[in-house]
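# Fold the following, please.
(chains A and B)
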Amino acid sequence: MTTTTSSPTTSALADEARGRSTFVRDTLTVFRRAMRISLRNPVWGVMGLLQPILYLSLFGPLLEPLAPSLGATNAYQLFVPGLLVQLGMFGALFVGFGLIGEWRDGVIEAERVSPAPRSALVLGRVLRDVLVVLVQGIVLVAVAFLFGLEAPFWGIVLGVVTAALLAASFASFSYAVALNLKSEDALAPLMNGVALPLLLLSGILLPITAASAPAWLNTLSNLNPIKHVVSGIRAQFDGDIGTPTALWGSALTIVLAAVGLWFGARTFRREDG
Amino acid sequence: MIHARGLARTYKTRRGDVDAVRGVDLDVETGEIVGFLGPNGAGKTTTLRMLTTLLKPTRGEATVAGADLRGDPGAVRRRIGYVAQSGSTSGEARAGEEVVDHALLYGVDRAAATARGRELFGQLELDGLWDRKASTLSGGQRRRLDIVMGLIHTPRLVFLDEPTTGLDPQARANLWTHVRDLRDERGSTVFLTTHYLDEADALCDRILVIDHGTIVAEGTPEELKQRVSGDAVVLTASTPADAARVATIAAQLPGASAPTVDGTLVEVRVPQGRTLLMGLLRSLDAESIELDGVELRRPTLDDVFLTLTGRSLRDGEQPTDTPEPDTTQDGAAA
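The predicted structure follows:
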């Protein structure tokens, strides 16, 4: 080939320049493809939406009389932040199943042999999952208003964005684990094993506080970043966007998203899979 | 087009290191169709995955399509097409869309990708399947769709991993025609793996035989066959007594091996069966020996493989002690 004349160094530099210009484009290509496939089979998106609505309608009413004793005037102000976090986690934790199917079909290998940046292959898919969670979150909040949610507009926007960022983190984590395990049978228990303690120790359903919980349980829950994310959204729903609780929750969310995406991209980049 | 030296891959497993590929040297020139022949587990797919940047070699160097495999895998990726054994399209996606999306990842623009995709669909007899969900295609159609995926960016070098496994005989023959066209009409270089001898024989300009992770022979199919000691002449006598006389006469052919007699069947190996056969028949006729049948068997690649490795390639289709690391040890390797 004629290109033998270019030294590895110059073509590596050319690659880098090309990499920057194509990263966005390749990410969007992967995103559009994933979105198109999801829209053709919307069962999962609808199911994911149905779950928080079931919580709202079947569990929400039980909280209404409890709300004052938990320090909230509006039960849904307390409850919807938890549901948003749950949506972000559970809407994304199991996306790895789809990836294993694609891997089995040879799609991942075909993409990895293309010059597309490896991170674009993960990020494109994660963007699809984030968009799905965003739409689900907006519908959830809209339905919650019908049930009687009262919260400031910017608090709600931040809450939905937090759910979307959590989805980015957990989806990316799920893809990375899926690509390592390459088995649905192994992925399901592992994801459940991660999700259940995170969920129970997050105070999503009932807030875990020094007053409401035994000391050990409260201490343990404080180690769970998800708890602080939930507390952050609750503060935002109270209108306290700038309080330490709210800022701490937002910061942790951003860290989780960054770590998740880094882990996902690293797994796709590795050349011995 | 491909130059590899000492390419090796060792997998670490719980039971210790497994040398999937022990050190492969190979050279493929532009415009060649080269077959990589060996039983399952011989290291074919592992070598291919190294050459296509999917797997980092443990040792060794290679230049693929003019780019250094270790130093510049991105350039290798841009210049090659790879048709994997496991397929390349999602069953949930539509055939044409998969092809166009794949081309976009190579920087081909949408209009050009669509035009090229439609053209390849025509050439590979996939007309009318552009909007079909991939899962509704037949095995042969899905395989040809994989080939479209591998060719959509017009690579100069194409890797095909077991391209015809699982296809019916007609579909295999069709695919061979398409592979030949790649070279004849586009000037592409093709490197394919197979464990079918007839495929290697019919399709390849040159064959590399791999066994236990090393290349044990290489050459054109004819050259490899000439390594086997000659053609087999099989004569069917009318009685066992005649068979003994036939054997005696056949043994006198220049360069003949000791004939074997089985009932009325006499088999003898000679270096140039075609030229010696006529004289042999005349000698038998002069002795008034009647024959019920004459058969001249050219050596097959299976004979070659048997000669080189001491076992039949077909034995290799049974599960062996050396598993194909890509399918069975992924978890351990990852």
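# What backbone torsions are found at A:Leu158?
phi -60, psi -40 (degrees, to the nearest 10).
# Just give me the neighbour total for the closest residue to it other than its chain neighbours.
Of all residues not flanking A:Leu158 in the chain, A:Gln236 sits nearest, at 4.6 Å (C-beta to C-beta, 6 or more residues apart in numbering or on different chains). From N, CA and C alone the C-beta is placed, and that goes for glycine too. Neighbour count of A:Gln236, defined by other C-beta atoms under 10 Å in any protein chain shown: 28.
# Next, the nearest residue to B:Asp161 once chain neighbours are set aside: secondary structure please.
Leaving aside its chain neighbours, B:Asp161 sits nearest to B:Gln85 (4.3 Å; criterion: C-beta to C-beta, 6+ apart). Judged by DSSP: H, G, I helix; E, B strand; the rest coil, the three-state class of B:Gln85 is coil.
# now do B:His3
Per three-state DSSP, B:His3 ends up strand.
# list the contacts for it?
Counting by C-beta atoms under 8 Å, 6 or more residues apart in numbering or on different chains, B:His3 touches B:Leu26, B:Asp27, B:Val28, B:Ala62, B:Thr63.
# follow-up on the earlier one: same question for whichever helix or strand the residue nearest to A:Leu158 is part of, mean pLDDT?
Using DSSP states H and E, A:Gln236 falls within helix A:225-237. Across helix A:225-237, the average pLDDT comes to 92.
# list the buried ones in the helix or strand hosting B:Val294?
Using DSSP H and E, B:Val294 sits in strand B:291-297. The neighbour-count check on strand B:291-297 (16 or more other C-beta atoms under 10 Å in any protein chain shown) flags B:Leu291 as buried.
# Provide the strand pairings for that strand, with the direction of each partner.
Note on strand B:291-297: by DSSP bridges, its sheet partners are strand B:231-237 (antiparallel).
# contact partners of the strand it pairs with?
Residues contacting strand B:231-237 (C-beta under 8 Å, 6+ apart): B:243, B:245-246, B:250, B:264-274, B:276-277, B:280, B:284, B:289-299.
# try 6 Å this time
Residues outside strand B:231-237 that contact it (C-beta atoms under 6 Å, 6 or more residues apart in numbering or on different chains) are B:243, B:246, B:264-269, B:273, B:291-298.
# Kindly report the same for stretch B:162-181.
By C-beta under 6 Å, 6+ apart, stretch B:162-181 touches B:Gln85, B:Leu124, B:Gly139, B:Gly140, B:Val190, B:Leu192, B:Thr193, B:Ala202, B:Leu203.
# before we move on, back to that, please tell me I have it right and the residue nearest to A:Leu158 contacts A:Ile156.
No: in this structure, A:Gln236 is not within contact of A:Ile156 by C-beta atoms under 6 Å, at 7.9 Å.
# Residues of chain B that sit close to chain A?
Contacts of chain B with chain A, taken as C-beta under 6 Å from any C-beta of the partner chain, map to B:52, B:55-56, B:65-66, B:68, B:71-72, B:74-75, B:77-78, B:82, B:84, B:86-88, B:90-93, B:101, B:104-106, B:330, B:334.
# Kindly list the longest helix within chain B.
If you go by DSSP state H, chain B has its longest helix at helix B:169-186.
# so after that one, what's the next helix or strand?
The helix or strand immediately downstream of helix B:169-186 is strand B:189-194, counting by DSSP H and E.
# Tell me how far that next one lies from the chain's centre.
Relative to its chain's centre, strand B:189-194 lies at 7 Å (C-alpha atoms, centre = their mean, to the nearest Å).
# Which residues in the following helix or strand past that strand does the neighbour count mark as buried?
Following strand B:189-194 in sequence order, the next helix or strand is helix B:197-203 (DSSP H and E). Within helix B:197-203, the residues scored as buried using 16+ other C-beta under 10 Å are B:Leu197, B:Glu199, B:Ala200, B:Asp201, B:Leu203.
# And helix B:197-203, what does it pack against?
Packing partners of helix B:197-203 (3 or more C-beta pairs under 6 Å, 6 or more residues apart in numbering or on different chains; DSSP states H and E): helix B:169-186, helix B:301-309.
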